[in-house]
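# Sequence plus predicted model, see below.
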Amino acid sequence: MILSRVIEHVKAQNWTAVVLDFVIVVVGVFVGLQVSNWNAARQAQVRAGIYGARLAADLRHEAWAYEYQIAYYKEVRTNALRAAAAMTDGPALSDEQLVISAYRASQYIYNGSRRATFDEMVATGDIGIIADRRLRETALAYYADPTVATNSEEARNSEYRKMFRRIVSVDVQRALLADCGDRIAAEGDYAGIVGSINYPCALDLPAGKIVAAAAALRADPLLLPALQLRFADLETAIFNLEQGTSGLLENLRAIAGENKP
């Protein structure tokens, strides 16, 4: 309709009307673009709020799981060191405590990662709309860091873990799992992390079976070297968690609202 009016005004050489029609068109386009941009900005703000809340919740879980892994592997390391010392020239352990420490030195932890929100934002190109710089950069750093997955995979497939399970009889392994296995902390429970594997316990087994298991562990010439390698791997795993990616642990703690040493 506006085009036909412009043509009529041109034919009539009504230049004032032509100019007015042109102004009306330009203003209409400008207003339309502004409204469109405003709507897009408002929708982006809404998405940012939703994504930000979801991402913060995911990272609070990841922060807890990260602390869990650090504390857990420190307790595993304590048991590896204790068992290795007892098998060399360090403090002696009873047969039962040797079996327990040797078992706990073989353990690993796995907490599934929550990255659906992050992956969705990356796929849609919306990661940049998160206004909280710390939240955005922590997510980018954490989900790109392979440390947590690598630690679990290497521990699960460690030579020492396999050797321990080959040497110790099935009934002793079942008792270790039942009486001295992991105490799983509830999600978000920081207090429950401590002592999740390194706590006092006793095996509900005949003494002869415990003595035989300890003797089998001491008799295998390859077990101690494998245990020493396991200890070295634990040292590396803990260092990478605490010092690997600069600022990651501090940022996770800040997001979680935890200030743990």
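Alright, I've got the coordinates.

# middle-most residue in this structure, spatially?
residue 62 (4.4 Å; Cα atoms, centre = their mean).

# Would you enumerate the residues in contact with it?
113-114, 142, 252 (Cβ atoms under 8 Å, 6 or more residues apart in numbering). (Each C-beta comes from the backbone N, C-alpha and C, glycine too.)

# Take these and lay them out in JSON lines including distance to residue 150 and secondary structure.
Output for the contacts of residue 62, formatted as JSON lines (distance: Cβ to Cβ, whole Å; DSSP: H, G, I helix; E, B strand; the rest coil):
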{"residue": "113", "distance to residue 150": "13", "secondary structure": "coil"}
{"residue": "114", "distance to residue 150": "18", "secondary structure": "coil"}
{"residue": "142", "distance to residue 150": "14", "secondary structure": "helix"}
{"residue": "252", "distance to residue 150": "17", "secondary structure": "helix"}
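
# Which single one of these is nearest to residue 47?
Nearest to residue 47 out of the contacts of residue 62 is residue 114 (Cβ to Cβ; 19.0 Å).

# measure that closest one to residue 71 for me?
The spacing between residue 114 and residue 71, counted by Cβ to Cβ, to the nearest Å, is 19 Å.

# okay, how far is it across stretch 194-207, tip to tip?
One end of stretch 194-207 to the other measures 30 Å (Cα to Cα, to the nearest Å).

# Rounded mean pLDDT for the one helix or strand the residue nearest to the centre of the chain maps to, please.
Assigned by DSSP states H and E, residue 62 belongs to helix 15-86. Summarised as a single mean, pLDDT over helix 15-86 is 79.

# Moving C-terminal from it, which element do we reach first?
helix 95-104.

# As PDB, could you dump the C-alpha coordinates of that following helix?
Extracted in PDB, the C-alpha atoms of helix 95-104 (Å, rounded to 0.1, in the frame of the first residue of the first chain):
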ATOM      1  CA  ASP A  95      47.600 -59.500  59.400                       C
ATOM      2  CA  GLU A  96      44.100 -58.100  59.500                       C
ATOM      3  CA  GLN A  97      45.200 -54.500  59.200                       C
ATOM      4  CA  LEU A  98      47.600 -55.300  56.400                       C
ATOM      5  CA  VAL A  99      44.800 -57.000  54.400                       C
ATOM      6  CA  ILE A 100      42.500 -54.100  55.000                       C
ATOM      7  CA  SER A 101      45.000 -51.400  54.100                       C
ATOM      8  CA  ALA A 102      46.200 -53.300  51.100                       C
ATOM      9  CA  TYR A 103      42.600 -53.600  50.000                       C
ATOM     10  CA  ARG A 104      41.800 -49.900  50.500                       C
END
